[in-house]
Each structure stands twice: as structure tokens, then as C-alpha cells.
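Visitor: my questions concern the predicted model and sequence given below.
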Amino acid sequence: MFKILDKKHLAPQVFRYLLDAPDIAKKALPGQFVIIRLDETGERIPITISTADPTHGTLTLYVQATGKTSMEMSRMKIGDFILDVVGPLGNPSPIDLFGTVVLVGGGFGIAAIHPIAHALTQAGNKTISILGARTKELVILEEEMSKASTIVQVVTDDGTYGAKGLVTDTLQELIEKKEPIDRVIAIGPIVMMKAVADLTRPYGISTVVSLNPIMIDGTGMCGACRVTVNGEMKFACVDGPEFDGHAVDFEGLLNRMKTYLPEEAEAKEKYLKETEGKCRIAEISQIYG
Amino acid sequence: MPDRGNISNIRLKMKKDTQRHKGPRTQAPEQNPEERRKNFQEVSLGYTPAMAQLEASRCIQCKKPKCVIGCPVRVAIPDFLKQVAKGDFLGAARTVKNSNALPAVTGRVCPQEDQCEKHCVIGIKGEPLAIGKLERFVADYERLHQKAETIETAPPTGKRIAIIGAGPAGLTAAADLAKLGHEVVIFEALHKPGGVLFYGIPEFRLPKEILEAELDYLKRLGIEIQVNYVIGKIKTLDELQEDGFDAIFIGTGAGLPYFLDIPGENLNGVYSANEFLTRINLMHAWEFPVFDTPLHHHKTFVVIGGGNTALDAARTALRLPTTEKVMLVYRRSREELPARLEEIKHAEEEGIEFHYLASPLEIKGTNGWVSEIVCQKMELGEPDTSGRKHPQPVENSAFPLKTDAVIIALGSGVNPLIAKSASDLQTDSHGHIELADPDINLTSRPGVFAGGDIVTGAATVISAMGAGKKAAQGIHHYVMKVKKTLI
Ligand SMILES: Cc1cc2nc3c(=O)[nH]c(=O)nc-3n(C[C@H](O)[C@H](O)[C@H](O)COP(=O)(O)OP(=O)(O)OC[C@H]3O[C@@H](n4cnc5c(N)ncnc54)[C@H](O)[C@@H]3O)c2cc1C
Ligand SMILES: Cc1cc2nc3c(=O)[nH]c(=O)nc-3n(C[C@H](O)[C@H](O)[C@H](O)COP(=O)(O)OP(=O)(O)OC[C@H]3O[C@@H](n4cnc5c(N)ncnc54)[C@H](O)[C@@H]3O)c2cc1C
Ligand code: SF4
Ligand code: SF4
Ligand code: FES
């Protein structure tokens, strides 16, 4: 049982949780994730560890309430317990002196980018973080990211905050300005990661993406998380989650993410019906969902 | 729901001295195929006491019992059969438990026809004794009729042992070590202990209730089970030793699924047997949306493979509410099927369609979903290194099978997580942990022992348990010797 020590509603559908998980906090490194299961009937969902604090024994997670499980989690209160948290899973992001690193974060991907940016800056890199969101109120972690990186640039689709456009527009500008980029790390929606990889490919800029396929066990046992990289089958939970963005078969990944769309919708609908009137997030998701 | 109460309802006629019964093997009642193919309840209903007594009295009490040699953990088979024949079922259960900690499990899942029953002399002319069914009977009888007793354990030794993996190997090692007075902690990666017994073997073959009862027995031995603990990630072997564990047993199994490496394996509707069975057994996907883990509603399945895993996947698929047809594609013929004979028979009765001498070439799809699998015909050639006839493709023999789901059950490899985190742990080219001393299951690393599928590759429940027992003895000697030198 893992206690929720703190919880904050940051933006529509985006929540931050502070979990009491001392053993995991001691070991977690940037780029790793946990798998959580809320209760006896729950499913196992992977969530990136955004901050691990070994001194206080806590993990900070950012979760977007998109479906049944993440919405149910958003209704949990401070002091409630999560039944299972397992981790740290996946390989840590390599931290080295690369030179100039551009970190591109979209949506909850910003939470995943944060610890990596922090570690890379500490290691002496120049870090340029590009944070992308649909609109102003969805920009999360801006302050933390400013502390963690050398430069931060915000981009919104609708131009309500920062530059108007897509993260790739800003990255394109950097490349055209002849910024000597040694490495790009992109974490966010699959289409965003694909766009970033497509952009950097002709320039030969090494580009890392963090894949988030459907997972169950997270230990290499089920093969649900398989992705094709360089024509080879890889399991994202044990071989990744980070891979060479230029070698990933994004189309295949996008297709596999559709496997449970009807069932996910069914679960969400049932959940919303059951919790109608009781649940604020239901309204929110009707507005933004 | 089949009536199982009869076990206790029948009055026993106990004879003073049992006579040998020369009749045929006593058949245990089963749920009929039409009924069971749509439910997850156990297929075999097991013996009644009268049936068990009758069957056990077929044993001629061999002076040099061959059956025992066939059993990897050397259950004292004639002794327990004699007790059953006399009606002393609780005594029989104790006899079995002396060498086998999980008889309710092994009685159900051992491939008896290749082990104990294969060697039974009665089998030379007729049918061998139904040793497995009798073992199951006494274990079930004990569970239903015996109040939880306090288990005698040796006085505390002050030694702490870490067991990694709560499959049959780890559970057996843990039980033996706890009985010897050691403090035992099991670390399990998943949220439920049991290993393949929990996530792999389905309810209709091994009811979870039985596994829970066996796990309860371990808890009563004072064993702590720490779930959600992936060793190699949250803790390395070094760290476990620093935490004060005097010895470590690794029983992490062979859970890495193999795929076919043919086009189309990434289409939606293609599953490894592990994923498919885990969704259902561990995550209860068949009870979606009450449980949150989904499984897509398919009408037709093609299962590739011929082992227990393939048959379990096929028969599980059959039981899902929207399934209309399940086919199984195996590259050799029926005779070579590696699965347990009983499962093959059950699968045939339930209407699984077997395609023998066929091997998949390609999975085709529409809109990203499986639509058919193209196979080719095979013929059996000369025996290969495994001693079985080697299947060879027949030229220009490709044929399609229309289906909307494919389950790949080709066996599995070992998980490299622990070996990766401990460079001094020697493994072979397939990643199996190598034993420095196979007599006590000691690895290349001092104080670290291993056993079960992680050492042998995918094998059987009982062989994993045998390895767990052997390792427990090795660990006991190891930690007690260390203790003495310290004093
Ligand atoms: C390594 C990894 C790290 C992740 N880190 C985070 C994180 O830090 N914060 C966070 O909010 N989410 C994260 N995710 C995604 C998260 O696991 C899913 O959003 C979650 O499974 C949704 O569950 P649900 O029941 O709420 O929604 P569902 O009903 O299962 O799905 C709702 C929507 O989310 C999509 N979805 C389902 N599974 C995934 C997935 N694995 N990845 C992306 N989208 C998915 C569905 O297609 C659907 O549109 C991560 C995923 C992986 C694999
Ligand atoms: C579907 C299926 C059906 C089968 N049917 C039969 C049958 O009828 N009869 C028969 O005799 N055999 C059968 N087998 C084979 C048998 O189940 C195995 O040989 C046996 O379970 C091996 O036992 P084990 O203890 O070595 O490993 P497992 O049962 O695989 O258990 C290993 C455990 O270790 C855990 N683990 C792995 N890595 C870590 C880690 N890093 N840290 C912590 N924990 C970890 C796993 O989660 C798992 O719980 C079947 C196998 C399958 C898959
Ligand atoms: S443990 Fe298995 S092999 Fe041994 S007697 Fe029992 S059923 Fe037979
Ligand atoms: S070999 Fe058969 S008949 Fe002989 S003791 Fe064993 S079970 Fe009995
Ligand atoms: S989640 Fe099961 S293998 Fe990766």
C-alpha cells in the first residue's frame, strides 16, 4: 500500500501526486517509470517518475486523467492508498556530457523530460527545453523546467502563451539559427515524437524518444509493449523506454495503441455514468475530453 | 455448478485389510464438454472417497516401486496408496507432503504419463495406477477436512534467506527453509505470488482457490511475501546481501515470450500466450468491465504451438463469451504434441480444431487488425537432436486460415533482469543461470543459489519444486556452516 501524501490539480485533467514509496525513491533514476494498480479490480498502468526524493522517500508523478484508471486516480484524496506501485522500471536515460541538448516535452511528456533536463544540466550540458501544449493553461512545470534547464521556450498550438505553433517549429528555428545541437530528446504524444524525429533525420542530429506503448507487467514477460526499432522487435519496458527516434516504426506503434480504443471508451463511459454528479472530473472531461 | 459436495457425503466402507482390485483404471468424473467449454470451472471433478479407495487398491505394493523413480521428488507412492486404500486419507496426505509441498497442484498439473505413471508396472499390461488423481484427492481431502494445524518448525536459527520469485521453485525452497527455522522473505515482481501457477495455468485446470490455500500454508510458516518487488531493479543481489540476507535463492523462471519473426506479428490481435493468459488469469480481463483490464472481443483464434501453454491459451480463448472458433496450428503430428495427454483429450472434446503438420508463414491484416494467417504444410523427416522427427516444409503448400486473433505459444526464454544487474553471476548463451555445484544448486556467486526454469529453461512444475528442495538443503548447510565458523 502506497500513501498519497499530496495531490494537486495543476491544469485541466492534469494532476500531480506525491507518493510515499521509499524503496523505489532510493533507486529511481531519470527516465524510469513505475506501474501502478489502484485497487483489486484495477488495471496496471505505467507512469513516469518525474522526481524521486530519496531523503523523504517520495515520488512525484504527473498523471493526465484521460481514461477510467487515470480519472479514478484523480478522485483519490490525500491520505488515500494506492494498492500496488512497482518500480523503478525501464532503463535510466543516459546522463553524459553531450554538449548542447534540446529537450522537447509535450503534454505529460514534460513531466518525463524534467528529471532528465535536470540531470543533464548538472552534468554540464547546455540544455534547451521546448515545452509544448495545446493552450496556455495546459503548460505544466514551467517554473521547475526553468530551474532545470539552461533555456526554456514555451510553445502553444493556439498562441495563448509563448510562441504560437508546434514544438517542431521552434526546433526548426534552432537548427536554422545554426545552434550546434548534439542531441535531441523528445517525450510526448507519439505524433509529436515522430514529427521531431522526421525533422532531425535529414540533419543527422541524434534523437532519442521515450515510447509509451500499452504495458502489463513491465518486466519483459508479456510482450504487449513490443515495438519495432530498426526492423527488430523490442520490448519497451525492458529494452527501453528510450530508443533511437530515427529507427522507431511510429506507424506500427500508433496502430498498436488503438487496440483497446472501444474497450477503453466502454470503461470510461461506464465509470462516468457510475460517478455522475459525484465527480468534478467528469465535467472537466466533457469540456476538454 | 457441478456438485462437489459428494466427497464428504458418501459414507466410507472401511475394510480392515484391503483386497487388491483388478479392474480397469477408475475414471474421475468430469464436467461434460458442452457445459465446460463456456465456463472457467475445473474440468475434472476428482475422485470421491470410494473411487479413490477402489483405484488405490489396484496397486500391488511393489518391493522396488518403479513409479517412485519416475517422480522427480520421490513421493512415497506405494505407502500413500496403501493408506488411501485403507481409508486413511489424512495419513496419506501427510505421507505425500513429506516430499511434496504442493500435492494439490502437482496432482493436477504433473505430466504423470511421462513421470510416475509411466513407470508403474500395472501399466505394462493394463492401465497404470492413477497416481496423479489420487495425489490430488488426498490433498483436496486434507484441505476440506483438516483444520489449519500449527506447523512445527525448527527453533529459529537467526539466519535470513531471500527468495527471488514466487513460482513453484521459490515457494518450495521457502517452505523447506522456514521449516528448518530460517527467516524467509520472498520477493515477487508481480502483485500476486504463484508464478506460472497464477498467471499462466488457467482456473479450469488449477483453481486459484487451491493455490491460495497452498500460499496460506506458507504464511502460516511465517514466510513474508513482498510483492511488487523486481529484483535487479529495486534491489541488486549486492544490496540484498548488504541488507543482511545470509543466502539468496533465485527462482525467477523462464517468462520471456518468443515470437515467430514472421511478417505481421505487430498487427493488433496478435498476442503472446503470456500476454493473453496474463490478461485473463492475473488481470481478470474476462470480467471486464468489472475489472479494468480489457481484452478485445474476438470471434476466431489461431493458436500457434503444441505445449501446455498453447493448449491453455486455446482452451481459455474458447471460453470467452464472443468466441466462435479456436484453431491450433502445430508443426508436427498429434503424437509429438508435448502437452499433457489429459489436456489434449480435453481440448479435443471441447472442440478445438487441430491443424497438424502446419507452420505459419505470415500474418495478414486489414486496417491494422489481423484478418488471416498463412501457413504451409509440413512433413516429418529424420529425427533431429531432440530425438523427434524433424518437420520440413512441403513446397508450394501455403494455405490461409481466416481469423481475427493469433496467439503465439512457442515457449519462452529467461529474463535477463537479474543477470544484467550482477556481472559475477554466470549464465549460458541463452541466459540460463549456470550452477557451480549442481548437487546443491549453488551458482558461481557465493551464497547465491538458483533453481527451476531459470536454470533448466522451460520445464515442469514438479522439476522446479525439486530444484527448490535441493537448493533449500544446500542453503541450509551453507548458512549453518557459516554460522559455525563465526562462533
Ligand atoms: C513508460 C510510460 C510512461 C508513462 N508515463 C505517463 C505519465 O507520466 N503520465 C501520464 O499521464 N501517463 C503516462 N503514461 C500513459 C499512461 O500509462 C496511460 O495514459 C494510462 O494507461 C491511461 O489509463 P486510463 O485507464 O486512464 O486510460 P485508458 O482508458 O486506458 O486510455 C485513455 C486514453 O489514453 C490512451 N492510452 C492508453 N494507454 C496509453 C499509454 N500507455 N500511453 C499513452 N496513451 C495511452 C488511450 O489510447 C486512450 O486514448 C505512460 C505510459 C508509458 C508506457
Ligand atoms: C501456460 C503454462 C502452462 C503450463 N502447464 C504446465 C503443466 O500442466 N504441468 C507442468 O508441470 N508444467 C507446466 N508449465 C510449466 C511450469 O509452469 C514451469 O516449468 C514452472 O512454473 C517453473 O517454475 P519456476 O518457479 O521456475 O518459475 P515461474 O513459475 O516462472 O515463477 C517465477 C516467478 O518469479 C518472478 N520473477 C521473475 N523475475 C523476477 C525478478 N527480477 N524479481 C522478482 N521476481 C521475479 C515471476 O514474476 C514469477 O512469479 C506450464 C507453463 C505455462 C507458461
Ligand atoms: S509429484 Fe507428480 S510425478 Fe510425483 S507422484 Fe505426484 S503426480 Fe507423480
Ligand atoms: S509401480 Fe504401480 S503398482 Fe507398483 S507400487 Fe508403484 S503404483 Fe503401485
Ligand atoms: S509490459 Fe509486458 S513485456 Fe513489457
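Guide: Cool, the structure landed. Ligands and ions are numbered 1, 2, ... in the order given.

Visitor: does B:Phe354 touch B:Leu328 like I think?
Guide: Yes - taking C-beta atoms under 8 Å as the definition, B:Phe354 is a contact partner of B:Leu328 at 5.3 Å. All C-beta atoms are positioned from the backbone trio N, CA, C, and that covers glycine.

Visitor: burial count for A:Lys273?
Guide: For A:Lys273, the count of nearby residues is 9 (other C-beta atoms under 10 Å in any protein chain shown).

Visitor: verify the assumption that it is located in a strand.
Guide: No - checked against DSSP: H, G, I helix; E, B strand; the rest coil, A:Lys273 lies outside a strand; its state is helix.

Visitor: and the gap between it and ligand 4?
Guide: 59 Å (C-beta to the nearest ligand atom, to the nearest Å).

Visitor: same question for A:Asp157.
Guide: On the measure of C-beta to the nearest ligand atom, A:Asp157 and ligand 4 end up 75 Å apart.

Visitor: joint contacts of B:Phe354 and B:Leu328?
Guide: B:Ala347 (C-beta atoms under 8 Å, 6 or more residues apart in numbering or on different chains).

Visitor: neighbour count for these two, which is higher?
Guide: The neighbour comparison of B:Phe354 against B:Leu328 (other C-beta under 10 Å) goes to B:Leu328, with 27 against 17.

Visitor: quick check: residues of the stretch 1-150 of chain B near ligand 4?
Guide: Within the stretch 1-150 of chain B, the positions near ligand 4 by C-beta under 6 Å from any ligand atom are B:59-62, B:65-67, B:77-78, B:81, B:120-122, B:129.

Visitor: ok and the residue in chain A nearest ligand 1?
Guide: A:Gly67 (2.0 Å; C-beta to the nearest ligand atom).

Visitor: surely that residue and A:Glu263 touch.
Guide: No - A:Gly67 is not in contact with A:Glu263 according to C-beta under 8 Å; the separation is 10.0 Å.

Visitor: which neighbours do the two share?
Guide: With C-beta under 8 Å, 6+ apart, A:Gly67 and A:Glu263 have no common neighbours.

Visitor: touching ligand 2 at all, stretch B:470-481?
Guide: No - using C-beta under 6 Å from any ligand atom, stretch B:470-481 never reaches ligand 2; the gap is at least 11.1 Å.

Visitor: Provide the secondary structure category for whichever residue of the stretch 251-400 of chain B sits closest to ligand 2.
Guide: Ligand 2 sits closest to B:Gly253 of the stretch 251-400 of chain B, with a gap of 2.1 Å, by C-beta to the nearest ligand atom. At B:Gly253 the chain is in coil, as set by three-state DSSP.

Visitor: measure the closest residue in space to it that isn't next to it in sequence to A:Val14 for me?
Guide: Distance criterion C-beta to C-beta, 6 or more residues apart in numbering or on different chains; nearest residue to B:Gly253, sequence neighbours excluded, is B:Asp453 at 4.4 Å. Going from B:Asp453 to A:Val14 by C-beta to C-beta, to the nearest Å gives 43 Å.

Visitor: which one's more surrounded, those two?
Guide: B:Asp453 (29 against 23).

Visitor: might one say that that one is in contact with B:Gly411?
Guide: No - using C-beta under 8 Å, B:Asp453 is not in contact with B:Gly411; the gap is 10.6 Å.

Visitor: neighbours around A:Gly109, how many?
Guide: For A:Gly109, using other C-beta under 10 Å, the count is 26.

Visitor: would B:Lys118 count as being in a helix?
Guide: Yes - assignment of B:Lys118 by three-state DSSP places it within a helix.

Visitor: correct me, but it touches B:Pro128?
Guide: Yes - at 7.4 Å, B:Lys118 counts as touching B:Pro128 under the criterion of C-beta under 8 Å.

Visitor: residues contacting the residue nearest to A:Gly159 when sequence neighbours are not counted?
Guide: Distances taken as C-beta to C-beta, 6+ apart place A:Gly165 nearest to A:Gly159, at 7.5 Å, with adjacent residues excluded. Contacts for A:Gly165 (C-beta under 8 Å, 6+ apart) come out as A:Val155, A:Asp157, A:Gly159.

Visitor: residues contacting B:Thr456?
Guide: Counting by C-beta under 8 Å, 6+ apart, the residues that B:Thr456 touches are B:His432, B:Ser463, B:Ala467.
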